[in-house]
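missing the sequence, but the structure's below:
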Ligand SMILES: Nc1ncnc2c1ncn2[C@@H]1O[C@H](COP(=O)(O)OP(=O)(O)O)[C@@H](O)[C@H]1O
Ligand SMILES: [Mg+2]
């Protein structure tokens, strides 16, 4: 287990995008996802693409990391394109491929939908690439704050998330330790039939679960001993503060929205 | 008024299960270092959990600075009685050292500016100030335990209980924790209650409580306790190496004037013994 192990996709850095308040990031991404569906002209798509690519560029996250985030959806993007290419039967026939007519609308629709997909994934993965999981947790706690009024357990949810984040590396270390112990007794996790491998994993999971429950019990006791009694009356060390760059982001985004509706047809 | 007092405390985990503590009474002063020893299952951890209201006795009363431990006083009492547990991982709540030290203060509603200050001072007290931003998986067991001590110190309690806090550490980590504890106790005028199997740790305490089957079996200074080797052996407890060596010397006809607690004392005893001849 190396010391630089990070949870999720976070790529450390101190670019503007990294330093934007996580709440502002989440809000802007949320609205970006919505306005993507309003674009319907070349210009409007151009504006959205410009915004997305410029954000990605100013995050200074190396391209390979961004591509890695897109990897699971490349297939979907290409599939969407091909589907429209072959199925849509509107507009002029452009050419014929292996005896199958390809229509103008098909190309356009395919390209548009793939572009939408690409924009959505790029912008949302930018959030996880430039924001630590704990920042995201804090932001969610703040953004969902109003739901406390309807007794939604916002604080508990956030605490659950942050404790999970804290224990993921610990449990991973433990899994590694147990699997090595089992391997040294001749258990083979990698070869054999599917059934064999499942059977090999059981003796790994059982001690892991037993220890996880013991940990949970001890942790609850330790939290109580340290005065934990729910979210009420609690103060917080980690503080989120909107700054100048967050308001600049809002302004830029507002311009984008205006530009989008002007260039729509 | 400044002490923890157990008044005829009896405790069992369930109605129909045997008593784990039987009519236990003792007092711990607010600047004392008391070690609690006894074999596994003798009720040591139960005593610790009763002290800050993680458990409540069926009979008798527990007072912290004159205040009875009961459900509506525990939040106040937990500010005054801090606790460090055995497993370094399972008491680390925060995602980083800083967040973990803050956790207890956040619970007690300490204002943010005060928190920042106290994180600094309590991490300095355990010499972990350079690790503020570290995640727990990048720390050794001993470092995590030092953070646990800092977390407790940050709330500025009067009593700190360490329930086998060094048991899962290697000798080096153990030594560091002991040094930390000693420094903290010297500088901050607070009471320490250490539950331990490590006999060398016991010799440093002001007073020792020996537990056996839910009863206080013996109570006294470490020197008195370790000079009663036969009685300790009766309930399956050992004495420190130096103490055993002194006993063997005694059998060989070299009678020392007092029970030595560590190597230096033994050396001194032997030195004066020779010069007395
Ligand atoms: N949560 C529990 N439920 C039931 N019995 C318990 C529980 N914890 C401890 N005991 C029992 O209480 C007795 C004293 O335990 P404990 O105080 O943990 O001893 P020590 O810390 O000295 O080893 C033991 O017999 C143990 O089995
Ligand atoms: Mg115990």
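Right, received. Where do you want to start? These figures come from a predicted structure and were not determined experimentally. Ligands and ions are numbered 1, 2, ... in the order given.

Could you use CA atoms for every contact and neighbour count after this?
Noted.

Residue A:60 contacts residue A:15, doesn't it?
Yes. At 6.5 Å, residue A:60 and residue A:15 qualify as touching, with contact defined as C-alpha atoms under 8 Å.

ok and the residue in the stretch 51-200 of chain A nearest chain B?
The nearest approach of the stretch 51-200 of chain A to chain B comes at residue A:166, 4.9 Å away (C-alpha to the nearest C-alpha).

Please name the residues that touch that residue.
With contact taken as C-alpha atoms under 8 Å, 6 or more residues apart in numbering or on different chains, residue A:166 is in contact with B:93, B:94, B:95, B:135, B:136.

which residues of chain B fall in helices?
Secondary structure of chain B, counting by DSSP state H: helices at B:44-51, B:74-80, B:97-107, B:112-125, B:141-154, B:171-188, B:199-203, B:222-227, B:229-234, B:241-251, B:263-276.

So, low pLDDT: which residues of chain A?
A:1-8 (pLDDT under 70).

And the most far-flung residue of chain A relative to its centre, how close does it get to residue B:11?
The C-alpha centroid of chain A is most remote from residue A:99, which lies 41.6 Å away (C-alpha atoms, centre = their mean). To residue B:11, residue A:99 is 87 Å away according to C-alpha to C-alpha, to the nearest Å.

contacting residues for the nearest residue to residue B:239 once chain neighbours are set aside?
Nearest non-adjacent residue to residue B:239, counting by C-alpha to C-alpha, 6 or more residues apart in numbering or on different chains: residue B:226, 6.0 Å away. Listed by C-alpha under 8 Å, 6+ apart, the contact partners of residue B:226 are B:232, B:239, B:240, B:243, B:259.

farthest pair in the residues you listed?
B:232 and B:259 (14.7 Å; C-alpha to C-alpha).

Could you check which of these two has the larger neighbour count?
For residue B:232 versus residue B:259, the count of surrounding residues by other C-alpha atoms under 10 Å in any protein chain shown is larger for residue B:259: 21 against 18.

The more buried one touches residue B:244, doesn't it?
No. Between residue B:259 and residue B:244 no contact is recorded; they are 9.9 Å apart, counting by C-alpha under 8 Å.

Spatially nearest residue to residue A:10 (excluding sequence neighbours)?
Among residues not flanking residue A:10 along the chain, residue A:129 sits closest, at 4.3 Å (C-alpha to C-alpha, 6+ apart).

Oops, could you answer that again for residue A:174 instead?
Here the residue nearest residue A:174, using C-alpha to C-alpha, 6+ apart, is residue A:208, at 7.4 Å.

Counting neighbours, what do you get for that neighbour?
So residue A:208, with other C-alpha under 10 Å, has 18 neighbours.

Please tell me the pLDDT value assigned to residue B:238.
Per-residue confidence for residue B:238 comes out at a pLDDT of 80.

Quick check, it in contact with residue B:232.
Yes. When contacts are counted by C-alpha under 8 Å, residue B:238 is listed as touching residue B:232 (6.7 Å).

Could you give the number of residues near residue B:45?
One way to gauge burial is a neighbour count; for residue B:45, by other C-alpha under 10 Å, it gives 18.

Quick check: pLDDT value at it.
96.

Tell me who's in contact with the nearest residue to residue A:215 once chain neighbours are set aside.
The shortest distance from residue A:215 to any non-neighbouring residue, by C-alpha to C-alpha, 6+ apart, is to residue B:90 (5.4 Å). In this structure, residue B:90 makes contact with A:215, A:216, A:218, A:219, A:222, judged by C-alpha under 8 Å, 6+ apart.

rerun that using 7 Å as the cut-off
In this structure, residue B:90 makes contact with A:215, A:218, A:219, judged by C-alpha atoms under 7 Å, 6 or more residues apart in numbering or on different chains.

what about the first one, neighbour count?
Counted with other C-alpha under 10 Å, the burial measure for residue A:215 works out to 17 neighbours.

what residues are up against the residue of the stretch 151-277 of chain B found nearest chain A?
Proximity of the stretch 151-277 of chain B to chain A (C-alpha to the nearest C-alpha) peaks at residue B:152, 7.5 Å away. Under the criterion of C-alpha under 7 Å, 6+ apart, the contact list for residue B:152 reads B:82, B:83.

sorry, back to before: if we take the contacts of residue B:90, which one ends up nearest to residue B:248?
Nearest to residue B:248 among the contacts of residue B:90: residue A:218, at 42.6 Å, using C-alpha to C-alpha.
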